[in-house]
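okay, predicted coordinates and the sequence, questions at the end:
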Amino acid sequence: MKARNIISCLIGIGLCTSAFGGCGAKEEFIGEYSFRNGGFEIGTLTGWTVEGSAFTDHGVSVKLKDGSGVGYNYVGDFFFNGEESASGSATGSILSVPFELKGNGIIGFLIGAGKNTSRCYVALVSEDGETEYERRANDEFDENDTANVLHRVILDGSAHIGETVRIKIVDNDSGTDGFNYINVDDFTINYQGVESPVGKIFLANNYIEQNRGRVNQRYRHSYHVMPEVGWCNDPNGFSFYGGTVHLFYQYHPYSSAWGPMHWGHVTSKDFIKWEYQPVALAPDSVYDVNGCFSGSAVEKDGELYLIYTSVDSQNNQLQSVARSSDGINFSKLGRNPVINAKQLGPAMSTADFRDPYVFQMNGVWYLLAGTRVNGYGQIALYRSTSLLEWDFVGYVLNNSDANGPNYYRLPGVYECPAFAVVDGQQILICSPQNLPTDGARFQNVHSVVCMVGSLDTKSGRFTYDKFEEIDGGFDFYAAQTMNMPDGRVVMTAWMQMWDRAFPTAADGWTGSMILPRELSFRNGRLYQAPVREIENYRQNKAESGRRDLRDGDSVSFEGISGDTLELEVALEVGTAARAGVKVFKGAFHETSIYYDAEHGTVVLDRSKSGTIISGAESNRSTRSVAVTPTDGIIKLRIFLDNTSCEVFINDGCATLTANIYAGENDEGIEFFADGGNAVLRSAVKYDIVVD
Ligand code: FRU
């Protein structure tokens, strides 16, 4: 708990000044419970008696020793940095001024480095410096990968209250094999707190704090969620709690590539403006040391529960729970994993058992998780009344029968399941890996599908008659839904795809989320619309009016351009073979979205968009969805956000989503017809402005 207090303090206001009431000893103010230069705030070793060569003044400095980018967690402006002070092989000690040990006799201080605990340590000694009463070394050195980072420990001097004592800092390690020195800071007498080892959550937040400023801004979005720095993939724990929308995400802060998974966290009042929160989960327990994988969030008895896949050092995937009463600081349950290896369904293995999605039906909690049975993708259903104890119910998909009606027997996992009731219709969403192409459908190797049907909570089976791709574009994966108190079912998804290059990686970040979508179900199908709140951010309306588009025309309109906007288009497709709009257009680049009369599809073509996104899709740079014009008209609602393009077709009965990495000035918009004539009935543009 204490460590988390420090975190929010750091995140909120920069450097911590008083997390324990003891931080921030300043030489200028020597109060009842401090001694001269006990926090090294003079910036020299004034007040300390130096012996040997391990401790020299020029080392007492350093705001941030920034080779690795990780901060040191020091207090105030200075700490004693042994690495800066002398060579690793130097030995010696420093002795504080004598002082009377008052209060509770407990001395709190920060310690780091000092790998050899018998040679590098801090001692409470007698006034003459000859007798050592208590000793404390960096016993946690090997526990966390923290190296130089300081963490709070205590020296218990309560047997010497009222005596005159001194602090002695010793470095007797003459080796050169690394960390043969000691870092210390902020000696605080009458310390009231507890020890607080450096936690991985602290380290992650500290890293973010130190590195968010280094991210190259060129490809950043303005109204889409993305990590401050580092990598993100799936959305997790999409939920409404405490009057706020919460969105977590698979997060590796330390590089722009996938790595040991944390849960990043953002909150919003309206799905458009998001606030970064401290990292919610870090892989800091034996059962999740290889990652806190995807999962979901639900509210129970006023607390927000995160249900996630914990991956242990052997890569066993099991399900665990963390909970919070403030929606910010989460504690993992002592009984984790709450679904362990003894609770698997028949022929399941812990090698693939992930992405728990929890929901409630008739007062019972259900959990869906992607898995593999006899080598083929499956989804398992569990039930619980407590969220803590779970029973296996059965398998959701009828896919072990090769002749079955819904035969999608895949060698991959049905990742990231989600379940929702939309306008009275049950839908099961999931992200099957290695889904074979089917005409224009499933072009991305991995896909997100929506099955329309009904769940039998007794057998676990979901019977469905439709198995549809949710988004026909390039960059859409791991979709997850949440329920708003106003009845809306809102969906988000990762706005990238596996097995491709990520052009932002060179800029220090990777990954973002789609503009959240409201789902509705009508005419036997799923519709998607951008959350209505986006309309509050419209500015600078510009309109085209009606315009005939003759074969070969490509026309632009005053005021209709830009790269961060909404564009509503109504197009009479006429006799044209292709009619549509080009966005992100510049001298060398364009991205076209058009109706293809021959195939009866709407196409998104990014072959000339800009940076080629290499990987599984590099040779097929168009995507399309079947669409029938209504009364000869195709309606497009397009959202651009610097490097993304989301197209809602005919009120959202189909969508196409893609990343586009065009040039800096590629902001043109043109309407065109080819192979015949069309009519632009209207085009309306709004800039989307989020301050
Ligand atoms: C899907 C996925 C999940 C897993 C997570 C790991 O994109 O592979 O199945 O939990 O990513 O980051």
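It's in.

how about the helices in the stretch 101-250 of the chain?
200-211 (DSSP state H, counting those that start in this stretch).

for it, which residue gets nearest to the ligand?
Q250 (4.1 Å; Cβ to the nearest ligand atom). For glycine as for every other residue, the C-beta is placed from the backbone atoms N, C-alpha and C.

what sits against that residue?
By Cβ atoms under 8 Å, 6 or more residues apart in numbering, the contact set of Q250 is C232, N233, D234, N236, M261, W263, G264, F293, S294.

kindly report the same for Y241.
A297, E299, L304, G327.

any idea what the closest residue to it other than its chain neighbours is bridged to?
Among residues not flanking Y241 along the chain, L304 sits closest, at 4.5 Å (Cβ to Cβ, 6 or more residues apart in numbering). L304 forms beta bridges with E299, S324, as assigned by DSSP bridges.

just give me the neighbour total for L304.
23 (other Cβ atoms under 10 Å).

ok, I669 - contacts?
I669 sits in contact with S556, F557, I560, S561, G562, L567, V581, K582, V583, K585, K685, where contact means Cβ under 8 Å, 6+ apart.

and with 7 Å instead?
Applying Cβ atoms under 7 Å, 6 or more residues apart in numbering, we find I669 in contact with S556, I560, S561, L567, V581, K582, V583, K585.

nearest residue to A478 other than its sequence neighbours?
D234 (3.7 Å).

circling back: do you know how far the residue nearest to Y241 is from D486?
19 Å (Cβ to Cβ, to the nearest Å).

could you do N205 as well?
For N205, the distance to D486 (Cβ to Cβ) stands at 33 Å.

more crowded one of the two?
Legend: neighbour count by other Cβ under 10 Å for N205 and D486, higher for N205 (25 against 6).

pLDDT score for the more buried one?
Per-residue pLDDT puts N205 at 92.

quick check: L381 is in a helix.
No: read with DSSP: H, G, I helix; E, B strand; the rest coil, L381 is strand and lies in no helix.

which non-adjacent residue is nearest it?
Per Cβ to Cβ, 6+ apart, closest to L381 is G460, 3.8 Å.

now do Q425
F521 (4.3 Å).

likewise N374?
Among residues not flanking N374 along the chain, A347 sits closest, at 5.2 Å (Cβ to Cβ, 6+ apart).

so how far is L397 from that neighbour?
From A347 across to L397, the span is 14 Å (Cβ to Cβ).

circling back: out of the contacts of Q250, who's near the ligand?
N233, D234, M261, F293, S294 (Cβ under 6 Å from any ligand atom).

quick one: which of those residues sit in strands?
Under the assignment DSSP state E, those contribute N233, D234, F293, S294 to strands.

thought the third one was touching V311?
Yes: proximity of F293 to V311 meets the contact threshold set by Cβ atoms under 7 Å, at 5.8 Å.

and A577, how many residues sit next to it?
Burial of A577 is recorded as 16 neighbouring residues (other Cβ under 10 Å).

check the offset of stretch 149-164 from the chain's centre.
Computed by Cα atoms, centre = their mean, to the nearest Å, the chain-centroid distance of stretch 149-164 equals 39 Å.

go through that stretch and flag the buried ones.
Residues of stretch 149-164 classed as buried by neighbour count (16 or more other Cβ atoms under 10 Å): V149, L150, H151, R152, V153, I154, L155, G157, H160, E163.

tabulate those in TSV, adding columns for pLDDT and distance to C653.
Formatted as TSV, the buried residues of stretch 149-164 follow (pLDDT from 0 to 100; distance: Cβ to Cβ, whole Å):
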residue	pLDDT	distance to C653
V149	74	53
L150	82	57
H151	86	55
R152	89	57
V153	93	61
I154	93	64
L155	95	69
G157	96	73
H160	97	78
E163	96	81
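
in strands, which of these appear?
H151, R152, V153, I154, L155.

just checking, the second one touches G108?
In this case it means R152. Yes: in this structure R152 lies within contact range of G108 using Cβ under 7 Å: 6.1 Å.

find the nearest non-adjacent residue to G668, please.
Per Cβ to Cβ, 6+ apart, closest to G668 is K585, 3.5 Å.

so what's the one you found up against?
Counting by Cβ under 7 Å, 6+ apart, K585 has contacts D666, G668, I669, E670.

in CSV, list the residues you listed along with pLDDT, distance to R119 and secondary structure.
What follows is those, written out as CSV (pLDDT from 0 to 100; distance: Cβ to Cβ, whole Å; DSSP: H, G, I helix; E, B strand; the rest coil):
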residue, pLDDT, distance to R119, secondary structure
D666, 98, 61, coil
G668, 98, 67, strand
I669, 98, 69, strand
E670, 98, 72, strand
